[in-house]
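Can you look at this prediction? I've put the sequence above it.
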Amino acid sequence: MKRSRMRITDFGRVVTGKTPPTKQREFFDGEYPFITPSDLEYDSYYVTQTETSVTNDAKTRFPNQFIPAGAITYTCIASVGKIGIAERESLTNQQINSLIPNEHHDGKFLYYLLRNETKQIQGLCSGVATPIINKSDFEKIELDVPSELAVERTIGMILSAYDDLIENNRRRMALLEDAAQQLYNEWFVRLHFPGHEHTRITDGVPDGWERKTLGDLCAEVRKSVKPDALDPDTPYIGLEHMPRRSISLSEWGTAEQVVSSKHRFCEGEILFGKIRPYFHKVGVVFVDGVASSDAIVIRPLDLKVHGLVLMAVSSDPFVAVTAQTMREGSKMPRADWKQMREYPVPLPPDGLLGSFESQIQSIVEQLKTLSFANHKLRAARDLLLPRLMSGEIAV
């Protein structure tokens with residue numbers, strides 16, 4: 001297969017983003033995504049959700065910084081290599097350089113090309129405390145690519161087939177999580193549980209229910225382990241692996257990257273990110289492994305309350321209360337288990353509790369199955385990626 005060496009500027013136009021003045025609120029909470037590195041991962045696909053959005057006023061003010069759908073967003077300051085594809089017209093902040101493909105190259109192929117070259121690009125960064133590669137240096141990066149557009153398109157289609165399946169599974173997981181949260185809110189927040197029409201409620205607790213605290217239902221687990229006692233392949237979950245507002249902890253690294261003592265956890269236990277708890281990083285683990293000491297490991301005292309504990313500690317009201325009562329750390333605020341365990345959790349009778357648990361556990365099992373399916377898809381994709389890009393596998 002004939003190949004050519006090209007600069008990034010040969011693939012299209014590079015645009016550096018800009019953050020509108022934050023004090024001018026007319027620029028925010030609008031119809032356009034505002035993409036920042038916190039919205040991206042090193043293997044993000046389409047950027048479907050962002051923490052912040054911007055208005056048409058921002059587009060009028062910064063027309064040259066807006067990027068079209070299909071542009072490849074690449075973080076070039078700090079978390080160099082975080083990447084994604086703009087799903088629709090968007091604005092990014094100044095940490096991101098976006099590549100807008102021209103008609104001579106395939107956008108999906110360029111996305112996978114940049115992902116495959118992450119280590120090379122990171123090696124070109126300047127800065128010690130904060131790695132950075134400026135726009136002009138980014139544009140000059142030279143990469144080997146196939147000489148034919150048809151080959152680029154074929155490679156892009158092969159690899160994107162895996163990511164399309166992964167994205168479909170993620171959407172299914174999001175729907176399942178939403179169903180679980182809606183069920184919890186209906187039964188335990190709004191108190192619209194089966195039979196509520198005929199049940200008297202006193203001081204927020206229905207007749208026949210028990211007034212409990214979180215500490216009555218679960219406990220914090222602290223089983224520290226040193227790095228040299230771990231198998232290198234042991235799953236490791238740090239705060240960076242924990243998504244915001246998702247109960248599925250389906251991403252993890254390995255213990256070979258661990259350099260300090262960590263906390264052991266077992267499948268089915270719950271992790272709560274205690275640094276800046278308002279980030280809402282809470283979920284159930286699907287494997288045995290170790291977690292960052294910046295996460296609280298929570299173990300239900302009885303399996304029959306597992307779903308209730310999971311949904312309670314991941315609920316908006318609980319996270320909000322935890323954020324309000326957090327301890328001020330030396331550098332950043334942290335959740336305080338002593339305060340968390342006092343949170344009131346009404347406990348329904350066995351019949352209602354069993355019905356709730358069976359529905360939640362069914363959802364958790366489906367989330368686990370989809371999570372493992374995505375792990376297999378990612379492994380297959382990552383095996384193909386360098387071989388397709390190098391030409392080792394001809395297309």
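It's in.

Show me this structure divided up by domain.
For the chain, the structural domains run 3-147, 174-349, going by automatic domain parsing.

Please enumerate the helices of this protein.
Listed in chain order, the helices of the chain (DSSP state H) span 8-11, 56-61, 107-116, 118-122, 135-140, 149-184, 214-217, 306-313, 316-324, 337-340, 350-390.

so which of the ones you listed comes closest to residue 266?
Closest to residue 266 of those, according to Cβ to Cβ: helix 306-313, at 12.1 Å. Where you see a C-beta, it was placed from the backbone N, CA and C, and this is true even at glycine.

now the closest one: mean pLDDT?
In this model, helix 306-313 has a mean pLDDT of 98.

ok now it, how far from the chain's centre?
With Cα atoms, centre = their mean, to the nearest Å as the basis, helix 306-313 stands 20 Å off its chain's centre.

and the residue lying closest to residue 72 once chain neighbours are set aside, what are its bridge partners?
Once flanking residues are discounted, residue 72 sits nearest to residue 99: 4.5 Å by Cβ to Cβ, 6 or more residues apart in numbering. Beta-bridge pairing of residue 99 under DSSP bridges involves residue 14, residue 72.

Please report the distance of residue 99 from residue 9.
Per Cβ to Cβ, to the nearest Å, residue 99 is found 9 Å from residue 9.

Between the two, which has more neighbouring residues?
Under the neighbour definition other Cβ atoms under 10 Å, residue 99 and residue 9 were set side by side, and residue 99 has more, 26 against 15.

Low-confidence regions, this structure specifically.
Applying pLDDT under 70 to the chain flags the ranges 1, 328-331.

Relative to residue 362, how far out is the residue nearest to residue 72?
Using Cβ to Cβ, residue 99 is found at 43 Å from residue 362.

So for the protein, the centremost residue is which one?
Centroid-nearest residue in the chain: residue 243, 3.3 Å away (criterion: Cα atoms, centre = their mean).

For residue 110, list the residues it contacts.
By Cβ atoms under 8 Å, 6 or more residues apart in numbering, the contact list for residue 110 reads 11, 12, 72, 99, 101, 152.

okay if I get these as CSV plus distance to residue 357?
CSV is the format used below for these (distance: Cβ to Cβ, whole Å):
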residue, distance to residue 357
11, 53
12, 52
72, 44
99, 49
101, 50
152, 51
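
List just the nearest of those to residue 311.
Checking those against residue 311 with Cβ to Cβ, the nearest one is residue 72 at 37.4 Å.

Buried residues in the strand ranked longest in the chain, which are they?
Determined from DSSP state E, the single longest strand within the chain is strand 28-35. For strand 28-35, the neighbour count (16 or more other Cβ atoms under 10 Å) marks 28, 30, 32, 33, 34, 35 as buried.

could I get those residues as JSON lines with distance to residue 76?
Listed next are the buried residues of strand 28-35 as JSON lines, based on distance: Cβ to Cβ, whole Å:
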{"residue": "28", "distance to residue 76": "23"}
{"residue": "30", "distance to residue 76": "25"}
{"residue": "32", "distance to residue 76": "21"}
{"residue": "33", "distance to residue 76": "19"}
{"residue": "34", "distance to residue 76": "17"}
{"residue": "35", "distance to residue 76": "13"}
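
which of the residues you listed lies closest to residue 117?
Comparing these against residue 117 with Cβ to Cβ places residue 35 closest, at 20.6 Å.

The closest one - nearest residue in space that isn't next to it in sequence?
Using Cβ to Cβ, 6+ apart, the nearest residue to residue 35 is residue 92, at 4.4 Å.

cool, residue 148 as well?
residue 2 (7.3 Å).

Name all residues that make contact with the one you found.
Neighbouring residues of residue 2 by Cβ under 8 Å, 6+ apart: 146, 147, 148.

Of the residues you listed, keep whichever come out buried.
residue 146.

Just name the closest of the contacts of residue 2 to residue 47, please.
Nearest member of the contacts of residue 2 to residue 47, counting by Cβ to Cβ, is residue 146, at 26.4 Å.

for that closest one, what are its contacts?
So residue 146 contacts 1, 2, 3, 4, 152, 155, 391 (Cβ under 8 Å, 6+ apart).

Quick one: buried ones out of those residues?
Among the contacts of residue 146, those buried by neighbour count (16+ other Cβ under 10 Å) are 152, 155, 391.

any chance of the residues you listed in CSV, with distance to residue 314 too?
CSV is the format used below for those (distance: Cβ to Cβ, whole Å):
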residue, distance to residue 314
152, 42
155, 39
391, 46
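
I'd assumed residue 147 was in contact with residue 3.
Yes. Contact criterion Cβ atoms under 8 Å: residue 3 and residue 147 qualify, at 6.1 Å.

quick revisit: in contact with the residue nearest to the centre of the chain, which residues?
Counting by Cβ under 8 Å, 6+ apart, residue 243 touches 249, 251, 281, 283.

what's the answer for residue 260, then?
227, 293 are the contacts of residue 260 under Cβ under 8 Å, 6+ apart.

Let me know the distance separating the residue nearest to residue 72 from residue 58.
21 Å.

swap in residue 38?
In terms of Cβ to Cβ, residue 38 sits 18 Å off from residue 58.

Over to residue 228?
51 Å.

Who has more neighbours out of those two?
Counted by other Cβ under 10 Å, residue 228 and residue 58 do not tie: residue 58 has more neighbours, with 24 against 6.

The more buried one contacts residue 30, correct?
Yes. Using Cβ under 8 Å, residue 58 makes contact with residue 30 at a distance of 6.8 Å.

For these two, list the residues in contact with both.
Common neighbours of residue 58 and residue 30, using Cβ under 8 Å, 6+ apart, do not exist here.

I am finished for the moment; much appreciated.
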